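Trainee: I need the structure of the sequence given here:
(one chain, ligands or ions: 1)
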Amino acid sequence: MVGVGAEDVVDLVGGRSGAKVDDHIAASIAQDHDRRFRRLARGRGPLDHTRKPVLRAVHDLAGHVASPQLGVLHDGLSPALGLLFDRCGERLGAGQLGARFGDELIGIAPAFSGVQVGLATDEIGVGLGPPGDLRGLLLCRPAPRTHQHTSVLASFPARFSPGRLRGMQEILEAIRAGASSDTIANLKIPDAYRAAFVRRDEAGMFDGVPSEDKDPRKSLHVDEVATPELAPDEAYVAVMASAINFNTVWTSIFEPLPTFGFLDRLGKESTWGARHALDYHVVGSDAAGVVLKVGSAVRTWRPGDRVTVHCNYIDDQDPSAHDDAMLASNQRIWGFESNFGGLADLTVVKANQLMPKPAHLTWEEAACNALCNSTAYRMLVSRHGAGMKQGDVVLVWGASGGLGGYAVQYVLNGGGIPVGVVSSADKADLLHDLGCEHVIDRKAAGYRFWADEHTQDEKEWRRLGRDIRALVGEDPNIVFEHPGRQTMGASVFVCARGGLIVTCAATSGYMIEYDNRHLWMKLKAIKSSHFANYKEAWDANRLVALGKIQPILSAVYPLEEVGEAAYQVHHNLHEGKLGVLCLASAGEGIDDREFREKVGEDRITLFRRHGA
Ligand code: NDP
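Mentor: A predicted model of the protein is given here:
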């Protein structure tokens, strides 16, 4: 007999299904279950263990499970192997797979991308792992009599304990059933929850690795973490869905700094702050969900409220937070500079981060907006930003990305003229569909603003300026800037006399160079901007709720695949926003279908359909 190697699991499961199997999970399944599989398989009759023992064991199980002796088979199993094979729709709800040991439901996992789980009658789910420690689930289509034709359709890792599972399942069922505020208030908050996090002891894991090779799939873990205590001004929110922001990419590649320094600083501020200084950092700065419980000082929200969460995290007893909260001396971004972020089944937020969920959107559509939408609102619409006027020409870098997709909508809504810059013909098409007539494909144009690492090329700035004039006949009054080092010189140059470059980021490098003569001689200004205060976030959220700003969700990942989603954003392989399903299954959460119809399914799902 040979052992099962991690590569076997990857090969057998991933290779057959095209699904990604985490190396770590594969190794763990292989190590822990090789012996058990063999024992199990031995009991099931003659199997050739010299090749592919895992799949053979699954074949074997699948063959029996598909038979009417399902119950008997359960009872006869090695106690170390959790199994189940429920017709999920009946017990667990669409979009979930469960695993059971004996009568006990020991594991549950959400739907995964590409496969609508809700088992068909000819499919089974196989849970891998000892009771209470489910490590993986396989989705199989067995051929009852000839095991050879069993196909593994997909697999994914899972790791849950029965206590947490039951607690979260109860919460989810109550939410789905539209339970009253009192019922939700009486639900027990589980003492642990599933979350995506980076680890302090891994902060050096990418030392010496070039930025582009730092892989969020290696650093982002999904596992249980302890539920923190609730401060009087906070709320527990059951997270139905969240989204990837670039700050999660920064955290996961530990650039420009590991975020544990932020947590330690917060930890020194107060007793409640001390909860955040942990050896793991639960990430995520967007969420949509349901308030489960509020602290004693919370007045305006109650259990059962359906909410979105904005990420401005301030101390409202600090006077500096009371003119513009973004000027607060201890202003932070939740889930980036604080712990217990939104990429999890549960989060702890300040009550003043809550906003009403737009009723016509699904959970994932509602979850993807707050961070980028509010940032774009402040940069363009608010008096703290550009205060854009009707007729302003606005150059939007990354116009089909997270920030840019909202920026273009604000320019159009406000009577401005957007000129969107993107890097492919496909993205240009998407922008046209969004209503942006003037688009520049920077890749096709082949701009080289930097002749070499140290020298910018003014001729290339001029070429961009000419291209903009050729489209709209004039220079941009506003430049919506965030790529940073690569583009700032060009942004300052092409901006109109008296115009404004508003900047909130530096994706391509934060040591900026531009020719100051072009700035002062033509009376241009550069204005910095950072997220949004509560009022700005609230107003931006209201515009989504009114159907005037559309979510730019292009794809959705299960929480277990958060590393892959962050990888996509890190490598600019995405459009708009990538959503992450936490407790929700895809498509849930629409409370006002009539209004959804009025706004228009086509407009709401433009990015999603384009990404499909
Ligand atoms: P996305 O990755 O979704 O979009 C950014 C887009 O910028 C890309 O799609 C790409 O579009 C374009 N881009 C990337 N690199 C370059 C480059 N070298 N030259 C020109 N264009 C480039 O990210 P977000 O829009 O969500 O965020 C953008 C930046 O803003 C990030 O650094 C993020 O951390 C920051 N940010 C800051 C906030 C704040 O409050 N301060 C809030 C939100 C984000 P294409 O290839 O099509 O041109």
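Trainee: For the stretch 351-500 of the chain, just list every one of the strands.
Mentor: Ranges of strands within the stretch 351-500 of the chain are 354-356, 393-396, 417-422, 438-441, 450-452, 455-456, 478-481, 500-503, based on DSSP state E, counting those that start in this stretch.
Trainee: Pull up the pairing partners for the fourth one, direction included.
Mentor: Which is strand 438-441. strand 417-422 (parallel) (DSSP bridges).
Trainee: what's the answer for the second one, then?
Mentor: Take DSSP bridges as the rule and strand 393-396 pairs in its sheet with strand 417-422 (parallel), strand 478-481 (parallel).
Trainee: so how far is the ligand from Asn182?
Mentor: You called it Asn, but residue 182 is Asp. Distance, Asp182 to the ligand, using CB to the nearest ligand atom, to the nearest Å: 38 Å. The C-beta positions use only the backbone N, C-alpha and C, and glycine is treated the same way.
Trainee: give the contact list for the nearest residue to Asp233 once chain neighbours are set aside.
Mentor: In this structure, Asp233 finds its nearest non-sequential neighbour in Ala297, 4.8 Å apart by CB to CB, 6 or more residues apart in numbering. Going by CB atoms under 8 Å, 6 or more residues apart in numbering, Ala297 touches Pro232, Asp233, Ala351.
Trainee: List the beta-bridge partners for Tyr193.
Mentor: What pairs with Tyr193, by the bridge criterion (DSSP bridges), is Val225.
Trainee: so it makes contact with Val348?
Mentor: No. In this structure Tyr193 lies outside contact range of Val348 using CB atoms under 8 Å: 10.2 Å.
Trainee: how long is stretch 436-448 end to end?
Mentor: By CA to CA, to the nearest Å, the extent of stretch 436-448 from end to end equals 25 Å.
Trainee: tell me which residues in it are buried?
Mentor: Along stretch 436-448, these residues count as buried under the neighbour rule (16 or more other CB atoms under 10 Å): Cys436, His438, Val439, Ile440, Asp441, Arg442, Tyr447.
Trainee: got the contact list for the second one?
Mentor: Spelled out, it's His438. Ile417, Pro418, Val419, Gly420, Leu471, Val472.
Trainee: Just the buried residues of those.
Mentor: Ile417, Pro418, Val419, Gly420.
Trainee: Quick check: pLDDT value at the residue nearest to the last one when sequence neighbours are not counted.
Mentor: Counting by CB to CB, 6+ apart, Gly420 lies nearest to Ala399, which is 3.0 Å off, once chain neighbours are set aside. Per-residue confidence for Ala399 comes out at a pLDDT of 98.
Trainee: What about Ala399, how many residues nearby?
Mentor: 28 (other CB atoms under 10 Å).
Trainee: Contacts only, for it.
Mentor: Ala399 makes contact with Gly405, Ala407, Val408, Pro418, Gly420, Val421, Val422, Lys427, Leu431, Cys436, Val439 under the criterion CB under 8 Å, 6+ apart.
Trainee: about what we covered before: and the strands paired with strand 393-396: which comes nearest Ile604?
Mentor: Nearest to Ile604, of all the strands paired with strand 393-396, is strand 417-422, at 20.0 Å by CB to CB.
Trainee: now that closest one, how far from the centre of its chain.
Mentor: How far strand 417-422 lies from its chain's middle: 26 Å, per CA atoms, centre = their mean, to the nearest Å.
Trainee: what is the mean pLDDT for it?
Mentor: 98.
Trainee: And for stretch 251-269?
Mentor: 97.
Trainee: before we move on, back to that, minimum distance to Ile549: which of the strands paired with strand 393-396 has it?
Mentor: strand 417-422 (14.0 Å).
Trainee: Could you show which parts of the stretch 251-400 of the chain are in contact with the ligand?
Mentor: Leu371, Cys372, Thr375, Trp397, Gly398, Ser400 (CB under 6 Å from any ligand atom).
Trainee: which one of those sits closest to Asp213?
Mentor: Among those, and counting by CB to CB, the member closest to Asp213 is Gly398, at 22.0 Å.
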